[in-house]
Each structure stands twice: as structure tokens, then as C-alpha cells.
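1. Next input, structure requested:
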Amino acid sequence: MAGADTAAKETLEDYTLRFAPRSYRKWSPAVVGISALGGIAYLADFAIGANIGIAHGTGNALIGIGIFAIVVMLTGFPLAYYAARYNIDLDLITRGSGFGYYGSVITNIVFASFTFIFFALEGSIMAQGLLLGLGIPLWMGYLLSTIIIFPLVIYGMNTLAKLQVWTTPLWLLLMVAPFGFLLLNHPESVGSFFAYGGKDGQGVSVSGALLAAGVCLSLIAQIAEQIDYLRFMPPRTPENRAKWWGWMLLAGPGWVLFGAAKQVVGLFLAVYLIANLPAAQSIANQPVHQFLEIYKDMVPGWLAMTLAVVLVVISQVKINVTNAYSGSLAWTNSYTRVTKTYPGRLVFLVVNLVVALILMEANMFDFLNSILGFYANCGIAWIVTVATDIAVNKYLLKISPKVPEFRRGMLYDFNPVGLVGFGLSAALSIMTFFGLFGELLKPYSPLVAVLVSFIATPLTALATKGKYYLRRSDDGIETPMFDEHGNPSGELLPCHVTGLEFERPDMIASAVPGPEGEIQYISSLALSTDKHGVHLLPRQH
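-> Model (predicted):
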């Protein structure tokens, strides 16, 4: 099983296919939390806030942003908790939360698509900055913004943690300063902001607010990128309990507080430009121009341009290393499960970057609202389905197993609970989005996605009596799975296929006995590349 040996080389692969072992998780809760929050440095929020405000007015935009924040907080909490507590990414959580071992591949593709869409969006913003500040043509800017990311992502969390922690203070200063400057020196801009009615000037309406919320909710899958960092949280103990909870909440569902604030600021800056610089009407939704014009009021022109370009480059690098990293994990995970072949995470890092580059060259920035509005339906369907399975099916109805399971052989290949909840939600909300149920209902597609997922997921679990969650209840290993504090055990067991030692939660008994008939162990990593299934334990009835 050469694929298993290749995948076991974790320096470059960063635990692509399995949970993050205790031996690797040496960072404090603060370092993990700051690293996760560094991934939301993107400037797309400024563009999104500006776009929905220009289209629907400040009132509708603020209500839409509020709806977005509430939905993300409610759905993000159970997912972030499970990731930090059990040290697994959202794909591994999804497997045992209603989708099955192969069923979660479809949601992994949804997430992987999220990463290259937003990589392309951030790369476009960086290219706009390079064109404005250095005169670099857009096509070349797109290429540079892609190439610069590759070497930064090769070594995974080790490099990303240092990058995010060290760049955050400067990024915060450059981002917050223009907003504070306007509040102090142009207080009248606050009144203009709240009075702004957008292109149609029709005032606050349910449809306008929901259309704005739909665009914002395209970011709901950002929780998966937060989780790619949160899975490296240290074990929760009585000594670090307060810090563990605080950083998990802030860097998990709490990311949306920062995202929503940036969307509001993006609209605020856009309205200021529209009101005070008639020539800026067509570029008021572009973050690089938003910051450049405010910097010009603060400092000499040459310095303003320098600061704007520096902000754009830092922001783009901080988020796109996360987009590229998470996308490479998602694509590799899906491909390996389907083909039982492990090509290496770096192969799909290249794939993700190439797809993003193609989107940039196709000028996706001009179609931002339409792309994000459509994508939101799929993202909402996935996240709400998994969050509902955890909150309702696991804790309220007690049908779904409370401890997450991700190992091949322990799960059924497909579980109708998640597949029905996700499938119905995505299909009906997309049909609503495209007007198949009438123009009047089009703005309500995000609401359709949320409600259908929330209702269909527990109903399907009740209808199937939860019998498609676990293929086995016993993994054949007597050693306890958790320590005295309820953390995944750090005890090492030998994998008889790779010859390496893996921590207890990553292991399962092999169906192939040892030379003396003794039980042998196999890692989930090796089992995922077992093409013939000879190591799979039989299903328990």
C-alpha cells in the first residue's frame, strides 16, 4: 500500500486525511485562535458590503448583514466545538453527522469550490492594487497573486501560524485607521451613510434585506476554513479551560463578528466616496480604491498609494494562504476516498491555484453578487444540515451518535439523513434563486435553504431511526479512546500496514489477524487507501 506510505509523510501533508494528533498540537489556544482569525483578513467583505448596499441601500444591507451574522453564529458554534474538542476538520465531522464515509465527498466539493471562488476574488482585489500602485497589468497581477501563495502553503500549519500571527498587527492598523479618520474628521459621513438608499432608493423591504443576506451568506462556509486551524487546538484541561473556550468561540463562530463589521465598513467607505467624489462612482465597490481615497486625506499621495498597496497585498496573502491550504486538503481528501489513491496534497494545491487563476482571468469580480448569491444556497444547505445533526439529532433527539466518527469501516458509505437534508435544501433553494417558483419568492432562497435543512435533517433521522449512522459500534480495540478530561487519547498503537505508530483515535482493528492470530491495528490513513477492502471489519448487526 504505497499510497498509505506516501500519505504518512506528514511534514508536507499536514494531516490531510485524518485527525490532528496530540503530538503535533503544540500551539497554545491563543496562537491557534489568532492564526484562525488571520484567515479572515480578506478584503472581499468590503466589496460585498459595498455591493449589497449600492444595490439595496444601507437599511437593507444592515439588516441582511445582521441576518447573516445570526445564522453563522448559530450554525458555527456546534461545528467549531466539535473540531476543537475532537481535533478533526469539517469533512471528518460531516462524515459522521449524517452523510456517511463517501456521502460527505459531495460537501467536500462544495467547500473546495468555495476556496477557489474566494481565492479568485481576493486575487482580483490584489491585482487591482498592483495595477493602481505599480502599473502592473491585471492579467499579470492575477498570475503574481497566484504564484506568491504556493511556497507559503507547502509546509502547512507550521508556516501559516507564524505568518498569521506576525502580520496581524500591521493589517489591523492599516484597516482600522481610515474608518476612524472619517468618523473623527468627517462626522457628517455617518448621516449620509444611514440615509443612503442605493440605486433604486426604494427603502427598507423584506425582499431587499433577504437579497442582501443571501449574498453575505455565501460566506457561511468560511467556518470550514476556521476549523482547518481550530482542529489544532491543544487538549482542554482544567488549567486552560477558560482560554480554550474563549479562543474557540472567538475564532470559531466569532469570526462573523469581524466579517460583519468589515462589510459595514466597506459600505460606509463606498457611500463616502459616492457622496464626495462623483468620479469614484464606478470604483466605490473596489476595496483598493476605498482605502486609497481615504489615505489621501490622511497622508501625502505617494504614502497613501504605498499604504493602500501594502494593505491589499497583506490581506490577500493572509486569506489566500488559507484558501489554498484548505482547498488542497478538501480536494485531496475527496480524491483519495473515491480512488483509494493518494497523490499528495501538493498536487491539489496546484489544481486549486490553476482553477482560481482561470476564474480571475475570466473577470469574475464583475459578476460577484450573482456568483455569491448562487453559491450561498449550496453552502447554507451543507452547514445547516451538519449543525442541525449535531444540535438536534445528537443532543436533542439523541439519534445520531454524540461522539463523532470518521473512520472507514465504522461508518456506512452513505447516510440518507444528511444527503436528504442537504439535497432537498440545495435543490429547492437553487430553484427558488432562479425564479422557478415565481419572481416574488426569489429573494427568499437563503431562507428556503435554512428551513429545509433544519426540518428535513431531523425528520429523515426519525424516519430511518438513525440506523445508517454507524456500520459498527465497536472498533475492535480495548484501549480507551479518551483521557480523563474527555480529550482524544495520545496513546500510540502500531499500524501493521505502514509500520508507523498512530494515536488511538486514528486506529481501528484490522480484519487481517497477525501471525499468531492476534489482533492487528490499522490506521484510518492506511485504511483509506485499501483498494480491496481486505482490512475492513465486517458490519455489525
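
2. and Glu13, what pLDDT?
-> Looking at Glu13, its pLDDT is 47.

3. likewise the one 4 residues further on?
-> Reported pLDDT at Leu17 in the predicted model: 59.

4. any low-confidence regions in the protein?
-> Scanning the chain with the threshold set as pLDDT under 70 gives 1-18, 39, 154-161, 364-369.

5. all strands of it, in order?
-> 492-494, 501-503, 507-509, 521-523 (DSSP state E).

6. closest one to Leu462 among the ones you listed?
-> Among the strands of the chain, the nearest to Leu462 by C-beta to C-beta is strand 507-509 (29.2 Å). Where you see a C-beta, it was placed from the backbone N, CA and C, and this is true even at glycine.

7. partners of the closest one in the sheet?
-> Applying DSSP bridges to the sheet, strand 507-509 is found paired with strand 521-523 (antiparallel).

8. So which of the strands of the chain is nearest Trp245?
-> strand 501-503 (23.6 Å).

9. and the closest one, which strands flank it?
-> By DSSP bridges, strand 501-503 pairs with strand 492-494 (antiparallel).

10. burial measure for Pro187, as a count.
-> For Pro187, the neighbour count with other C-beta atoms under 10 Å is 9.

11. tell me the phi and psi of it?
-> When quoted as degrees, to the nearest 10, the phi and psi of Pro187 stand at phi -60, psi -20.

12. can you pull the buried residues of stretch 534-541?
-> His535, Leu536, Leu537 (16 or more other C-beta atoms under 10 Å).

13. Verify the contact between the second one and Asp530 for me.
-> Yes. Counting by C-beta atoms under 8 Å, Asp530 is a contact partner of Leu536 at 7.1 Å.

14. between those two, what contacts are shared?
-> In terms of C-beta atoms under 8 Å, 6 or more residues apart in numbering, Leu536 and Asp530 are both contacted by the residues Arg408.

15. Would you mind pulling the contact partners of stretch 410-424?
-> Taking C-beta under 8 Å, 6+ apart as the rule, stretch 410-424 contacts 94-104, 106-107, 381-382, 385-386, 388-389, 393, 400, 405, 452-453, 456-457, 460-461, 464, 466, 468-472, 475, 508.

16. which of those residues are buried?
-> 94-104, 106-107, 381-382, 385-386, 388-389, 393, 400, 405, 452-453, 456-457, 460-461, 466, 468-472, 475, 508.

17. Gly435: neighbour count?
-> Neighbours around Gly435, by other C-beta under 10 Å: 12.

18. check contacts around it.
-> Applying C-beta under 8 Å, 6+ apart, we find Gly435 in contact with Leu441, Lys442.

19. swap in Tyr86?
-> Going by C-beta under 8 Å, 6+ apart, the list of residues near Tyr86 reads Phe19, Ile93, Val403, Pro404, Pro488, Pro505.

20. ok, longest helix in this protein?
-> Secondary structure of the chain per DSSP state H: the longest helix is helix 301-339.

21. How far does that helix sit from its chain's centre?
-> 12 Å (C-alpha atoms, centre = their mean, to the nearest Å).

22. For Trp244, find the nearest of the strands of the chain.
-> strand 501-503 (19.3 Å).

23. residue contacts, Gly53?
-> Contacts of Gly53 (C-beta under 8 Å, 6+ apart): Ala61, Tyr196, Gly198, Ala212, Leu267, Ala270, Val271.

24. quick one: which of the residues you listed sit in helices?
-> Using DSSP H, the contacts of Gly53 in helices are Ala61, Ala212, Leu267, Ala270, Val271.

25. so how many other residues sit close to the residue nearest to Lys262 when sequence neighbours are not counted?
-> What sits nearest to Lys262 in space, not counting adjacent residues and going by C-beta to C-beta, 6 or more residues apart in numbering, is Asp45, at 3.6 Å. For Asp45, the count of nearby residues is 25 (other C-beta under 10 Å).

26. Okay, helices next: where are they in the stretch 151-300 of the chain?
-> Ranges of helices within the stretch 151-300 of the chain are 157-185, 188-195, 206-216, 222-230, 241-251, 255-276, 287-298, based on DSSP state H, counting those that start in this stretch.

27. So which elements touch the fourth one?
-> So that's helix 222-230. With contacts taken as 3 or more C-beta pairs under 8 Å, 6 or more residues apart in numbering; DSSP states H and E, helix 222-230 sits against helix 29-38, helix 58-86, helix 90-94, helix 105-134, helix 241-251, helix 255-276, helix 301-339.

28. go again using 7 Å as the cut-off
-> In terms of contacts (3 or more C-beta pairs under 7 Å, 6 or more residues apart in numbering; DSSP states H and E), helix 222-230 is packed against helix 29-38, helix 58-86, helix 241-251, helix 301-339.

29. That one vs helix 29-38, what angle?
-> 150 degrees (axes from the mean of the first three to the mean of the last three C-alpha atoms, to 10 degrees).

30. go on, the shortest one?
-> Taking the same axes, to 10 degrees, helix 188-195 and helix 29-38 form an angle of 70 degrees between their directions.

31. Contacts for helix 188-195 next, please.
-> Applying C-beta atoms under 7 Å, 6 or more residues apart in numbering, the contact partners of helix 188-195 are Thr58, Leu182, Phe268, Val271, Tyr272, Ala275.

32. now that helix and helix 255-276, what's the angle there?
-> Using the same axes, to 10 degrees: helix 188-195 against helix 255-276 is 100 degrees.

33. what's the answer for the third one, then?
-> Put simply, helix 206-216 runs at 120 degrees to helix 255-276, going by the same axes, to 10 degrees.

34. how distant is helix 206-216 from the center of its chain?
-> Per C-alpha atoms, centre = their mean, the centroid offset for helix 206-216 relative to its chain is 21 Å.

35. Give the burial count for Val204, as a bare number.
-> Neighbour tally, Val204, other C-beta under 10 Å: 15.

36. and it, how far is that from Val351?
-> Val204 is 44 Å from Val351, where distance means C-beta to C-beta, to the nearest Å.

37. What of Ala112?
-> Taking C-beta to C-beta, one finds Ala112 at 9 Å from Val351.

38. tell me the contacts of the closest residue to Gly141 other than its chain neighbours?
-> Among residues not flanking Gly141 along the chain, Ala127 sits closest, at 2.9 Å (C-beta to C-beta, 6+ apart). When contacts are counted by C-beta under 7 Å, 6+ apart, Ala127 is found next to Leu138, Gly141, Tyr142, Ser145, Met360.

39. Which members of the residues you listed are the farthest-apart pair?
-> Leu138 and Ser145 (10.3 Å).

40. With neighbour numbers in mind, choose between these two.
-> With neighbours defined as other C-beta under 10 Å, Leu138 and Ser145 compare such that Ser145 has more, 28 against 16.
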